[in-house]
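K.L.:
prediction below, plus the sequence it came from.
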2 protein chains.
Amino acid sequence: MTNRITDKIIAIIQNLDENRQAETTLRKSYTIPEILGNLDIAIPERGISPEALTKTIDQVLDKSVKTNNALFMNQMFGKQQSIGVLGDILAVLLNTSMYTYEVAPALTLIEKECIKRLGSFVWKSSETGDGIFTPGSSISNITAMTLARNATFPNSKKTGLFDNLRFSIFVSEHAHYSFVKGALFLGMGEQTIVKVKSDTNGKIDIPSLNKAIGNEVQNGHIPLMLVGIAGTTITGVYDDLYRLSEIAKKYNMWFHVDGAYGGSLLFSSKEKHKLNGIQYADSVSWSLHKIMGVPLVCAVLLTKNKGILENSFAVSADYLFHGDTDLDLGQKSLQCGRRADALKLWLAWKLEGDNGFEGRVDGLMNAANKFSEKINGSEAFELLCLPETPIVCFRFICLELSPGNLNKLNKKIRETIFNDGRILFNYSTYEGKIYLRCVISDPNMDETLMETILTEVTKVANQLLLTKHDLNINTQPV
Amino acid sequence: MTNRITDKIIAIIQNLDENRQAETTLRKSYTIPEILGNLDIAIPERGISPEALTKTIDQVLDKSVKTNNALFMNQMFGKQQSIGVLGDILAVLLNTSMYTYEVAPALTLIEKECIKRLGSFVWKSSETGDGIFTPGSSISNITAMTLARNATFPNSKKTGLFDNLRFSIFVSEHAHYSFVKGALFLGMGEQTIVKVKSDTNGKIDIPSLNKAIGNEVQNGHIPLMLVGIAGTTITGVYDDLYRLSEIAKKYNMWFHVDGAYGGSLLFSSKEKHKLNGIQYADSVSWSLHKIMGVPLVCAVLLTKNKGILENSFAVSADYLFHGDTDLDLGQKSLQCGRRADALKLWLAWKLEGDNGFEGRVDGLMNAANKFSEKINGSEAFELLCLPETPIVCFRFICLELSPGNLNKLNKKIRETIFNDGRILFNYSTYEGKIYLRCVISDPNMDETLMETILTEVTKVANQLLLTKHDLNINTQPV
């Protein structure tokens, strides 16, 4: 009955590598009425025919963004490892849940191997740590906040935060928003999060951190947790994890490293020095669906010591858990039913080996460095900072424009190119300036593509400057 | 390079329907050393060849449980809708994240349609409610606890639970363990959860609930939230949602319905009366990967009113969210990156229609009722209760055995059959008695299969009784 649909899906899989390169429009700029005009979203009382559904799938494909492409630079994921795609399809086909060993024997051992090996890149000894796959680094970060709370206030598990001493969690102003979300979710309250100023490159400012801790202590708040960022969300730079680890130790704080994006540089012997200090982390968030190019979601929370996750989460449920907590991974997780997200990573890692993973990271860094050089070499552009991860932020420069109008111009450049749909990158505000933000996800991205991007930005910028009314730019001299 | 692996995966997809029926052993009873002897789990420094990886995949398949089968009755998921499988594969291939409309235009509209339609089965008017896909009903339930907290204590988002008045959340003793996990996770503390006695069928006992509320109020605790269970985890029965809704209203409590398993009976006009009262719920958890047979994970948290999720979770992140909160679904979610879990549900629902979904539910209930009748018709078995959802719990009876030894016998029956691997069901303790627990997931399960199961249980039971030393059963007369 679903044969036609099967054939369609199989055709996509068969051309996984070839097709993607032929795609030149990654996103068609439809309005919502245009989408709804061709794609019948409504769920009917009586089902539609497989033929009709096949056409519907064509419309879904047409109205979706092609992310598996070097020129998709809009998010922190993109060009995929094909083996990762196949691995995730296999997880769909196996359709089991990672809560108990008895329904996921091979997959449990595979998840444990991945956790052990990922941990060995953080802590050298892979035998003393632990971890769990999570539905994303936001939930990893939020979970780590609970671990930190339990470490200092073990009774809070039982009695909650009512009457608890107040505590503070220190993050840089460039930390991912999940820490604030976590605080308001976890009953800690947003005001538990102390945002510390960063230096001009986006790294946490150490004197400001020390001062902030002093202030909190003076206010009677316990310094609970210090977060080091391994790859900030906007510019992709690293906090000085080593110095942070010393400060965490001094105040007996839980030291968490958010390596959601930049953790993967640990695979490269050339790059891993950027994460020096991570070996002192109590917990680490790390998403493998970003730099490592396996499909979303593939994320872990790693812990330095064994037993921490079970101590925080194990509850009795005799209809499900009959046995060994160390093998029944559900006891370490916030989730009950859970996909086998480890499988795609494991298959990719088996095929590529540590060497292949290192090669991917080095390839991406080479591309990011080359792209930055080109930007730095042109007077038309301003680079935000040298890339420490494969994120390149820059802006078009026009000396005649006021800062506000320059922001308008860059935002409009991004909008115009985004709507054109052949090159997709994002924009972000950094210290009041709007930058174009390109996340490189293809380790083989060549210089021709880089030139294409910069030529397009220049062309669009010049067109916009010719028709300033489109920008709402004040045409008075500045 | 990955051609061979692609071919292997495609072959599985092509035979999705046919292959599964030919499988007679759903789980091979390997020890861990036996698994590790054939499956090289270790991730190597240098990658292995695609040929070797193809063999590795064979081993993963051999060492995994075949869940897509009528005789897999071990968990609350099982036999799948093939279109759901194809839909989830399409989600893998599209590989985007559900946080912003700009990278998921069609998929955002699809998720919104699914939320609207699911909501219309709960609240009649589909226009006033909202919801979000989550990584499972545990996280849906935990999120609902935060919504309840914010409803009564809106400031807790900012200031946390420190100095907050204590509150209580009422669940039946048969509620899913995620409420306890949520309380210890969310800084509420386990003692916030008040477990109320159930009647002999597993439904919350209303007089006990009223008494428990009275006690908590007397202790100065605010009655915050009342949970109604729409399908308990062990026996699959429904709390009296209507009476619960009245009690929730009387005390001004947030009324949450955990329909993770049994929510899907709303699709059936014959069965939905069991959920009467759900229309007064403030929030509902509902997993579609269970009864509806789409791949894991496919779960939602629905809210009666719009705006609740954004109010609880929206935070600023200008590098990501540029626009409309109602279209950028990430603002309603605990997650940042998020899979397109709605797609598989939507495709299945388009193909089957409301009618097809109703047919699946009715088919499953018919099968569960028939199976129960057969059990009730035999003196060898004792049925725990008449099934209200497609879960059937029963035990083998032997009048000569003491209660303790009867438990040992039934546990051993399950272990023996589970290790044999052709029929997989679970066991659970209910009021001190061990029951065999079969979750029916195939709406076409026929009477021959039911006979096979009961014959096998009887055969194994009699074999075990012949060799009582295997049971560690006291051979003295009881």
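P.N.:
Received the coordinates, thanks.
K.L.:
now A:Leu383: phi and psi?
P.N.:
As for A:Leu383, its main-chain torsions (degrees, to the nearest 10) stand at phi -80, psi 140.
K.L.:
that one reaches A:Cys393, doesn't it?
P.N.:
Yes. Between A:Leu383 and A:Cys393 there is a contact under C-beta atoms under 8 Å: 7.4 Å. C-beta coordinates here come from the backbone N, C-alpha and C atoms, glycine included.
K.L.:
of those two, who's got more company?
P.N.:
A:Cys393 (27 against 19; other C-beta atoms under 10 Å in any protein chain shown).
K.L.:
A:Ser172: what's it in contact with?
P.N.:
Taking C-beta atoms under 8 Å, 6 or more residues apart in numbering or on different chains, we find A:Ser172 in contact with A:195-198, A:202-205, A:227, A:229, A:232, A:239.
K.L.:
who does it bridge with?
P.N.:
Beta-bridge partners for A:Ser172, by DSSP bridges, are A:Val196.
K.L.:
from A:Gly228, how far off is it?
P.N.:
9 Å (C-beta to C-beta, to the nearest Å).
K.L.:
please enumerate the shared neighbours of these two.
P.N.:
What both A:Ser172 and A:Gly228 touch, as defined by C-beta under 8 Å, 6+ apart, is the set A:204, A:239.
K.L.:
hmm, A:Ser312 is touching A:Met145, no?
P.N.:
No. Using C-beta under 8 Å, A:Ser312 makes no contact with A:Met145, being 11.0 Å away.
K.L.:
in contact with A:Val65, which residues are there?
P.N.:
A:26-27, A:72, A:74, A:424, B:96, B:102-105.
K.L.:
so in chain A, which helix runs the longest?
P.N.:
Assignment by DSSP state H gives helix A:342-376 as the longest helix of chain A.
K.L.:
and that one, anywhere near chain B?
P.N.:
Yes. Applying C-beta under 8 Å from any C-beta of the partner chain, one finds helix A:342-376 in contact with chain B at A:343, A:346-347, A:349-356.
K.L.:
widest-spaced pair of the contacts of A:Val65?
P.N.:
Farthest apart among the contacts of A:Val65 by C-beta to C-beta are A:Phe72 and B:Pro105. That separation is 14.2 Å.
K.L.:
closest to A:Leu90 among the contacts of A:Val65?
P.N.:
Proximity of the contacts of A:Val65 to A:Leu90 (C-beta to C-beta) peaks at B:Thr96, which lies at 20.2 Å.
K.L.:
who's in contact with that closest one?
P.N.:
Here B:Thr96 is in contact with A:64-65, A:67, A:296, B:103-104, B:107, B:340 (C-beta under 8 Å, 6+ apart).
K.L.:
swap in A:Arg422?
P.N.:
So A:Arg422 contacts A:24-26, A:71, A:456 (C-beta under 8 Å, 6+ apart).
K.L.:
show me which of those residues are buried.
P.N.:
Listed as buried from the contacts of A:Arg422 are A:26, A:71, A:456; burial here means 16 or more other C-beta atoms under 10 Å in any protein chain shown.
K.L.:
before we move on, the earlier item: okay, the contacts of A:Arg422 in a markdown table with pLDDT, secondary structure and distance to A:Ser178 next?
P.N.:
Shown next, in a markdown table, are the contacts of A:Arg422 (pLDDT from 0 to 100; DSSP: H, G, I helix; E, B strand; the rest coil; distance: C-beta to C-beta, whole Å):
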| residue | pLDDT | secondary structure | distance to A:Ser178 |
| --- | --- | --- | --- |
| A:Thr24 | 85 | coil | 35 |
| A:Thr25 | 94 | coil | 33 |
| A:Leu26 | 96 | coil | 27 |
| A:Leu71 | 96 | coil | 28 |
| A:Glu456 | 98 | helix | 33 |
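K.L.:
tell me which of those residues is nearest to chain B?
P.N.:
A:Leu26 (10.1 Å; C-beta to the nearest C-beta).
K.L.:
which residue, other than its chain neighbours, is closest to that closest one?
P.N.:
In space, and not counting its chain neighbours, A:Leu26 is closest to A:Lys66: 4.4 Å by C-beta to C-beta, 6 or more residues apart in numbering or on different chains.
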